[in-house]
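>>> next comes the sequence, and after it the predicted model I'd like to discuss.
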Amino acid sequence: MPRFYALINSTGIQEVQVTEIPKLPEIQKLVGIPGKEAFVEAVYQCYSDPSIAILCDDEFLLKGCQPTLVLPNGTILHGQLFIVARNIQIEDFCLLTQKQLEIIKKESKIYSLQPR
């Protein structure tokens, strides 16, 4: 069964099929700005599937990252976002299923596509 993580930025959603979740240093590179250390923060309960988690750079405002995603509650996240699932039984992040990836595609609102 294929497993994924998703990246969201101002150009849209990119699905990446992998066999294992990247380690923290790689995630920091994915959500960070080149040359600046990223402090990863998790955002929970954003999608209809509560096990989906968004990882972003905690200092996105200080670093001047552009708006990326509008959450259903109106919160706007900035920078490149790394989306995975949570496995509560092992208290860790895990890869997304195809169904979870479809939820992300359906429920995500890319900021750059929003009417002004």
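Cool, got the structure.

>>> residue 39 and residue 59 touch, don't they?
Yes. Using Cβ atoms under 8 Å, residue 39 makes contact with residue 59 at a distance of 5.8 Å. Just so you know, the C-beta spots here come from the backbone N, C-alpha and C atoms, and that holds for glycine as well.

>>> who's more crowded, the two?
residue 59 (18 against 12; other Cβ atoms under 10 Å).

>>> per-residue confidence at the more buried one?
As predicted, residue 59 sits at a pLDDT of 89.

>>> now do the contacts for residue 12.
Neighbouring residues of residue 12 by Cβ atoms under 8 Å, 6 or more residues apart in numbering: residue 110.

>>> so that it lines up with my notes, have the first residue be 14 from now on.
Got it, the first residue is 14 from now on, which makes the last one we talked about residue 25.

>>> where is the longest helix in the chain?
The longest helix of the chain (DSSP state H) is helix 111-120.

>>> in its sheet, what does the helix or strand just after it sit against?
As assigned by DSSP states H and E, the chain's next helix or strand after helix 111-120 is strand 122-123. Sheet pairing of strand 122-123 (DSSP bridges) gives strand 80-83 (antiparallel).

>>> touching the partner strand from outside, list them.
21-23, 67, 89-94, 121-125, 127.

>>> what are the buried residues along it?
81, 82, 83 (16 or more other Cβ atoms under 10 Å).

>>> tell me how far the second one lies from residue 14.
From residue 82 over to residue 14 the distance is 27 Å, taken as Cβ to Cβ, to the nearest Å.

>>> residue 105 now?
According to Cβ to Cβ, residue 105 and residue 14 sit 19 Å apart.

>>> compare these two (neighbour count), which wins?
More crowded of residue 105 and residue 14, by other Cβ under 10 Å: residue 105, with 10 against 4.

>>> re earlier: any chance of the buried residues of strand 80-83 in a markdown table, plus distance to residue 43?
A markdown table is the format used below for the buried residues of strand 80-83 (distance: Cβ to Cβ, whole Å):
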| residue | distance to residue 43 |
| --- | --- |
| 81 | 13 |
| 82 | 15 |
| 83 | 21 |
